[in-house]
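Colleague: Starting from these lines, generate the structure:
(chains A and B)
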Amino acid sequence: MGIAKPTINLKLKVWRQKDNNSKGGFKEYDAKNVSQDASFLEMLDSVNEELINKNEEPILFDHDCREGICGSCGFMINGNAHGPQKSTTVCQLHMRAFKDGETLVLEPWRASAFPILKDLVVDRSSFDRIIKSGGYISVNTGNARDANNILIPKPDADEAMASATCIGCGACVASCKNASAALFTSAKIQHMALLPQGKVERAQRALDMTAQMDAEGFGACSTTGACSAACPKDISLINIATMNRELLKATIAKPEEHVGGGDG
Amino acid sequence: MLDFLKSTVGRKYIMGISGLVWMGFVLTHMAGNMLILVSPDLYNAYGHAIVSNKLVLYGAESVLVLALIVHVTTAISLTIENRKAKGTRYAVNPNGDKGPTLASQTMGLQGSLVLAFIITHLATFKYGKEYETVVNGVPMRDLHRLVVELFQQPGYVLWYVVALIVLMFHLSHGAHSIFQSFGFLERKMVKGVRKFAWAYAIIVAAGFLSQPLYVYLLKGN
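Modeller: Numbers count the residues shown, from 1 in each chain, chains lettered A, B, ... in the order given. Predicted structure coming up:
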């Protein structure tokens, strides 16, 4: 048995909204005897259990793996995407980050391109459409090849991997005052532009993905850095500089339209 | 290319290029005006040399006016779209480790103040009182006398100090963002660029500030 941490009591002000067409508002709840070893979502689970016992509608929030790798969870805690702790998804945020008696305001991601579905759950399919517009390699690469068959310089591999860690949770959009999707889109452009397989379509990809990003109604980047600060995967602002450069180069070079798919 | 210029990324390039024109201008304007610390005659002669060369004067003025119009209109169009993209604002503002810098959050407000400053500044100097003087036998406008007269007023000096500090923050974010918007930034440059942006902003603001303060503190009575 380890040393049990004292439990804490919290006041929650949670955004409740029936559906996209309804008007939402804050409702207060007490979270009593919360173990500081519990994760934030576990704390909400127990609040929800009480609500269900009282025949009230539980607070809806998105989640899946609860290991900080799937990108499903996320909402605002006191104005911070995924809560106050850096490099953390809300499922990996633990109650030891909070003090007894604190009031926590929980709000869904706010962005016109992320319509609220219910309570803290938003529709992030705009991200899926950005990926669909070019965030892939349209060549059938066949079986996995020998690891050393295609040589990639270590710095490029590292940079591509750093960008590829983006889990698409939407915290960047949520924390941006302009609801800009520049960090997400740029990470997806960057991680492929650096690798040999992705280089073939890099120009067309930059054109298509940024066009889709604008079409979805995300705002422009003001270089405030709020996105990167909120990002649970520490995606760097450098990605956005790369995206801007890729787009300018692609605009000047005017790539030929690629026809997707090979003969496999 | 038109699609590019209409895109959110493209319009940041436009903001950067038009901002860069003014960044160059404020730096040279500050450096030239430092002559006020040297001598009244030299200061007046410098001003006279600029207005005498009509080609340079009108050329520079039209580029600056064009850049200003482009900068302001693009900023307005982006701001309107950004507000629309955000929709509802949060009940609580971000804080702590995840809070962004104030300079980057208030560029529009700073810009509006700087614009108000540019207008009053042009009205009081360029289109202000015309005193005459003669330097080395050449009759010219005595700008130095006007400058000294205006900067004897504490209220006027205070407005300059406030406006220049705002300009400093505006320039610090702008000078940094240009590298980002233009896509020049690379990982190893990040710290250097931030230092450069602040050094540039501080040099411009401190240089300009030294002028009214010099007049107010040392030329008074």
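
Colleague: List the residues that contact residue A:232.
Modeller: A:68, A:82, A:87, A:88, A:89, A:92, A:167, A:169, A:171 (Cβ atoms under 8 Å, 6 or more residues apart in numbering or on different chains). (Each C-beta comes from the backbone N, C-alpha and C, glycine too.)

Colleague: Confirm that it sits in a helix.
Modeller: No: counting by DSSP: H, G, I helix; E, B strand; the rest coil, residue A:232 is not part of a helix but coil.

Colleague: Would you list the phi and psi of it?
Modeller: Taking degrees, to the nearest 10, you get phi -70, psi -20 for the backbone angles of residue A:232.

Colleague: Name the nearest residue to residue A:209, sequence neighbours excluded.
Modeller: Distances taken as Cβ to Cβ, 6 or more residues apart in numbering or on different chains put residue A:134 closest to residue A:209, at 4.6 Å, once the chain neighbours are dropped.

Colleague: what about the one you found, which helix or strand?
Modeller: Here residue A:134 is covered by no helix or strand, with elements defined by DSSP states H and E.

Colleague: That one contacts residue A:201, correct?
Modeller: Yes: between residue A:134 and residue A:201 there is a contact under Cβ atoms under 8 Å: 7.2 Å.

Colleague: More neighbours: which of the two?
Modeller: Comparing residue A:134 with residue A:201 by neighbour count (other Cβ atoms under 10 Å in any protein chain shown), the higher total belongs to residue A:134, at 24 against 20.

Colleague: Which residue would be the closest one in chain A to chain B?
Modeller: residue A:245 (2.7 Å; Cβ to the nearest Cβ).

Colleague: That residue: helix or strand, and which one exactly?
Modeller: helix A:238-253.

Colleague: buried set for that helix?
Modeller: For helix A:238-253, the neighbour count (16 or more other Cβ atoms under 10 Å in any protein chain shown) marks A:238-248, A:250-251 as buried.

Colleague: how about the helices in the stretch 101-250 of chain A?
Modeller: Assigned by DSSP state H, counting those that start in this stretch, the helices in the stretch 101-250 of chain A fall at A:125-132, A:154-164, A:171-175, A:182-193, A:196-199, A:202-215, A:226-230, A:238-253.

Colleague: Highest mean neighbour count out of these?
Modeller: Sort the helices of the stretch 101-250 of chain A by mean neighbour count, taking mean count of other Cβ atoms under 10 Å in any protein chain shown, and helix A:171-175 sits at the top with a mean of 30.

Colleague: out of the helices of the stretch 101-250 of chain A, nearest to residue B:168?
Modeller: Proximity to residue B:168, assessed across these by Cβ to Cβ, is greatest for helix A:226-230 (21.8 Å).

Colleague: Quick one: residues contacting the residue nearest to residue A:161 when sequence neighbours are not counted.
Modeller: Setting aside the residues directly before and after it, residue A:161 is nearest to residue A:191 in space (Cβ to Cβ, 6+ apart), at 7.5 Å. Contact analysis of residue A:191 by Cβ under 8 Å, 6+ apart lists A:160, A:161, A:163, A:164, A:166, A:198.

Colleague: Helix or strand: which one has residue 5?
Modeller: Reading this off chain A. Here residue A:5 is assigned to no helix or strand, by DSSP H and E.

Colleague: that's the wrong chain, I wanted chain B
Modeller: Going by DSSP H and E, residue B:5 is part of helix B:2-6.

Colleague: other SSEs contacting that helix?
Modeller: helix A:238-253, helix B:8-33 (3 or more Cβ pairs under 8 Å, 6 or more residues apart in numbering or on different chains; DSSP states H and E).

Colleague: So residue A:15 belongs to a strand, correct?
Modeller: Yes: according to three-state DSSP, residue A:15 belongs to a strand.

Colleague: per-residue pLDDT, the residue in chain B positioned nearest to chain A?
Modeller: As assessed by Cβ to the nearest Cβ, chain A sits closest to residue B:183 within chain B, at 2.7 Å. On pLDDT, residue B:183 comes in at 92.
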